[in-house]
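Student: Fold the following for me, if possible:
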Amino acid sequence: MKDTVQNLEQYDTIYLGYPIWWGDLPMICYTFLESYDFSGKTIVPFCTHEGSGNAGTQSKIQSVVKNATVKEVLAITGTDTQKDPDSVKTTVTGWLNGSK
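Tutor: Below you'll find the predicted structure:
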């Protein structure tokens, strides 16, 4: 990783975005999760994919950050972001407002 997060302790909620690569999080995401203490924090994951959905990444993240709460993953098909961005914007806005 090029940079580090300064004062991570000041954040209660971390939004973690990533693409699904070969059915998993990119390794840099694991490195990030292993590099900090997420105890008591809430991680809100979201990803893009091309057919594998969230690929079970909620449980994969939870296995790395055992003392954090990991919310359900918002999974968006990458093709949809290109072909129907208005629908994706509506989905993401609803998700951010708690009505996924």
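
Student: Any regions of the protein where pLDDT drops low?
Tutor: Across the chain, residues meeting the criterion (pLDDT under 70) sit at 99-100.

Student: Now do the helices in the chain.
Tutor: Per DSSP state H, the chain carries helices over the ranges 27-35, 57-64, 78-83, 85-96.

Student: Out of the ones you listed, which one sits most buried?
Tutor: With neighbours defined as mean count of other C-beta atoms under 10 Å, the helices of the chain peak in mean count at helix 57-64, which reaches a mean of 16. For glycine as for every other residue, the C-beta is placed from the backbone atoms N, C-alpha and C.

Student: Could you export that helix as CSV, CA atoms only?
Tutor: Output of helix 57-64 as CSV, limited to C-alpha atoms (Å, rounded to 0.1, in the frame of the first residue of the first chain):
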residue,chain,number,x,y,z
THR,A,57,-16.9,-11.6,0.8
GLN,A,58,-18.9,-10.6,3.8
SER,A,59,-17.8,-13.7,5.7
LYS,A,60,-14.3,-13.4,4.2
ILE,A,61,-14.0,-9.9,5.6
GLN,A,62,-15.5,-10.9,8.9
SER,A,63,-12.9,-13.7,9.2
VAL,A,64,-10.1,-11.1,9.1
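
Student: returning to that earlier point: closest to residue 47 out of the helices of the chain?
Tutor: With C-beta to C-beta as the measure, helix 57-64 is the member of these nearest residue 47 (6.5 Å).

Student: Could you check how far the residue in the chain sticking out farthest from the centre is from residue 50?
Tutor: Among the residues of the chain, the one whose C-alpha is farthest from the average of all C-alpha positions is residue 83, by C-alpha atoms, centre = their mean at 22.1 Å. According to C-beta to C-beta, to the nearest Å, residue 83 stands 12 Å off from residue 50.

Student: Pick out the residue closest to the middle of this protein.
Tutor: Nearest to the chain centroid, counting by C-alpha atoms, centre = their mean: residue 45, 2.2 Å.
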